[in-house]
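S.K.: Pasting a predicted model and its sequence here:
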Amino acid sequence: MKNHSARRPLSAMAKPLNLSALAMTISMSFSSFAATYSVVELPTEELGVNVFAQTLDEQGNPGVVVQDHYNPPLDFSLINFDSQTLQDNLTDIDAARAGNPNFDDYNYLVAVARSGSRENNVFVQQIALYQSYLIDGQAAQRVIGFDEERDETNGFTFGPDVYINDAISPSLYVGTSEGVFDKLNYTNADDTQITFVLPEFERRGFIDLNGNIVALTPAEAALGGISEANGVNSNRHVVGHQTIAISNQFQVLIDDCNDETVRGDQPLEACYRNIARNNALATTNFRQAVKWEVDSSGQIINQESFAYPFDFVRDPNDSIERIYYSNARAINDAGTIVGESSFADSNGDIQRFLTAAVFADGQTTPFLNEIGQTPSSAYAVNDSNMVTGFYSREVNGTVRTKFYLYDLDAQQATFPDDFFPGSASLGRDINNHNIIVGEGEIESANVQNRRRHGFIYYADTNEFIDLNDAIGCEAPYTIVSAQAINDDNVILANALVNRQARNVRGELVTDDDGQAVMVDKIIPVLLEPLADGEFIDCDAQDNVIPERKGASSSLWALLTLGLLAFRRRK
C-alpha cells in the first residue's frame, strides 16, 4: 500500500461546486501550495458552540448538527422567580420576571435550563443539546423535526434534539427527532399544583418532503416507541430501525406505572417519561431494521421490517428477556440496504455483539461475522454494492476498530492498512468512484482519547492518505474526521480550529483588556478538489504526525463520545 502518496484527485470526474459566492461573502476558503483540496468554511459560525458535519447531497449541500445553539428562547412561565436560589443569582429579578433579562441574567437562566435538560429534570424548560441545519446555497436552513411554535417562546421551542441523518436534496432529507415538549399541570396530594414538562415521544424518524414532515411511527408504539431514519435514496425509500415488540421486563415497568399504589404521587405521563428516558424504551425492547416507502405526496405506501437472522423465540415466563437489535444505516439507489444486526454464530449461539449485515426481502444476512468473531457494522453502500464501515480485531491485546471495503456481489472483503497497526479507524462513506472517507487515530500513546485525523482511501489504487496532507501543511485547520463524499469527490469534514469564543447569544468574547478570548472548537468544512495540486506528506521531515492546533482533552473526548455517536447511536 502507498500511504501519503503524491497524486492528483480525480478532477476529470469533478464538476464545479457552486459555492464561490458563499466562500466570498459568508465563509472562508483556504488553499495552499501543494494542496489537492481547498477548504471552504460553511456559514455556521454564529449557530452554536460546536458544529459537526453530518451528511452531503450530490449537489454539495451539507447537513450539519449544532451543539448548544446560540440564543435559545426562554419560557419565562416555567421559571420560579420566588426561588431563593434565583433571587440570590439574578442581578435584576424584576426585569427577568417581566421577560426582559439583562445579559448576565439571561446567561444564568439559560444555564439553569440547560443543566436541567441534561439531568432529565421534568420540572424545567427543556433546551436541546443538538439542533440540525441544511446548508442550501448561502443560507443555513434549520431542520425543524417535530419542534413546534409556542407563544411562550415566541416561536419554535428549540426543545427537542433534532438530527439530520441523510439528504438527497434540500427538499428531500431524513432524520430523527424528539417530540415537542409541553406542559402538564398536576395537583398532588398536598393540593399543590406542579407543572411537568414532558415530550410527546422520545425518538422518532421522519422524512421531510418540500417542508412536509412525515412521521415514521414504529410498529410497536407503546409509550411512543422508538424509530430512527438513517438513510434515504432518490426513490424516497427510507431505512432505519423501529421498536417491534415490548420485552417482559419493560411491560413490568409499564404495569408499575399503571398501578397508582406503586406509581406514587405523580401523573401517569411523568412515570412513563421516567422509564422511557432512563433508556428502558431504547435498550429494553426489541428493535429491527426497517424500510419505509413514501410517495411524492408524503404518504407511507409500504413498510418492510427485516427479521433477525435467527429464530426469534420468546418465553412469556422469562422475567428478564435477552434483547435483540438490528439497524439499517444506508440504502443505495438500487435498493441495497446495509447496517448491523444481532446474529448467531455457526454453532447457533446468539452473540452479545453486532455484525455488519445486508437487508433484503424481509431477511437479514450477516457478513464479516466469521472474521475474528468481533463487532462490525456497515455505514455506507454505493451504487456498485461496495460497502464500508468498521470491523474489529485484536492488536497487541487491545480490540481496535478498522475500516474495510466489502464487495456484496463478489462477497469479498478488503482490509486496507490505515495510519498504523494499532490505530482505530472507520469508514464513514463511499462514493460511486469507490473512494472511502472516514477517520482514524493518529497517535499511539496509550491514552483514553487519542487524536484522530480524517482520511481518504482510493480503493482502485489502494492509496490511503491523511486529509491533512491533502489541504496543505500550512492550513489553519486539523481535519479530524471526514463524514461524507459525493460523486464530485467533494468531502464534508470536521475541522479543529482555534477561534474567538462566543457567549450564549453568539457574540464575540473579549477579556478585561479587550483581547480576544480564544478557544478550540469543531467546525464543518467542505473540501473541494483542486485540479493542479499534489499531496505532500506533512510529517515526512520528522516522521511525526503534527497537530496544527492543540486541543484540550475534553474536546477530544467530545469528538470520541459526541461526534461519533451521531452515526452509532443505539
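M.R.: In hand now; what should we look at?
S.K.: tell me which residues in stretch 275-284 are buried?
M.R.: Within stretch 275-284, the residues scored as buried using 16 or more other CB atoms under 10 Å are 275-276, 280-282, 284. The way it works is simple: take the backbone N, C-alpha and C, and place the C-beta from them, glycine included.
S.K.: So which of these are in helices?
M.R.: 275, 281-282 (DSSP state H).
S.K.: Save these as JSON lines, and put in pLDDT too.
M.R.: Listed next are these as JSON lines, based on pLDDT from 0 to 100:
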{"residue": "I275", "pLDDT": "92"}
{"residue": "L281", "pLDDT": "89"}
{"residue": "A282", "pLDDT": "85"}
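S.K.: what's the next secondary structure element after the longest helix seen in the chain?
M.R.: In the chain, with assignment by DSSP H, the single longest helix is helix 103-118. The helix or strand immediately downstream of helix 103-118 is strand 130-136, counting by DSSP states H and E.
S.K.: what's the angle from the very next helix or strand once past that next one to strand 130-136?
M.R.: Next along the chain after strand 130-136, taking DSSP H and E as the criterion, comes strand 139-143. Angle of strand 139-143 versus strand 130-136, following axes from the mean of the first three to the mean of the last three CA atoms, to 10 degrees, is 140 degrees.
S.K.: what's strand 139-143 in contact with?
M.R.: By CB atoms under 8 Å, 6 or more residues apart in numbering, the residues outside strand 139-143 that reach it are 42-44, 47, 63, 131-135, 162, 164, 170, 173, 175, 208.
S.K.: buried sites along the longest helix of the chain?
M.R.: Applying 16+ other CB under 10 Å to helix 103-118 flags 105-106, 108-110, 112-114, 116-117 as buried.
S.K.: Make a markdown table from these and add distance to N230 to it.
M.R.: As requested, the buried residues of helix 103-118 are exported to a markdown table (distance: CB to CB, whole Å):
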| residue | distance to N230 |
| --- | --- |
| D105 | 41 |
| Y106 | 36 |
| Y108 | 38 |
| L109 | 36 |
| V110 | 31 |
| V112 | 34 |
| A113 | 30 |
| R114 | 27 |
| G116 | 30 |
| S117 | 25 |
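S.K.: nearest to I479, of those?
M.R.: Of all these, R114 has the smallest distance to I479: 29.5 Å, by CB to CB.
S.K.: ok, the closest one to A344 distance?
M.R.: To A344, R114 is 44 Å away according to CB to CB, to the nearest Å.
S.K.: Count the neighbours of A516 for me.
M.R.: A total of 12 residues lie near A516 under the criterion other CB atoms under 10 Å.
S.K.: so what's it closest to, chain neighbours aside?
M.R.: Q500 (4.4 Å; CB to CB, 6 or more residues apart in numbering).
S.K.: which intervals of the stretch 451-570 of the chain have sub-threshold pLDDT?
M.R.: For the stretch 451-570 of the chain, the stretches flagged by pLDDT under 70 are 539-570.
S.K.: Apply 50 and report the result again.
M.R.: 541-546, 548-550, 561-570 (pLDDT under 50).
S.K.: where exactly do the helices run in it?
M.R.: Taking DSSP state H, counting those that start in this stretch, the helices of the stretch 451-570 of the chain run over residues 467-470, 553-558, 565-568.
S.K.: Please enumerate residues in contact with the first one?
M.R.: Okay, so that is helix 467-470. Outside of helix 467-470, the residues that reach it under the criterion CB under 8 Å, 6+ apart are 4, 35-37, 437, 453-456, 475, 477-479, 482, 491, 493, 527, 535-538, 548.
S.K.: taking those one by one, which sit in strands?
M.R.: Within those, residues falling in strands by DSSP state E are 37, 437, 453-456, 478-479, 482, 491, 493, 527.
S.K.: Report pLDDT for R7.
M.R.: pLDDT recorded at R7 is 39.
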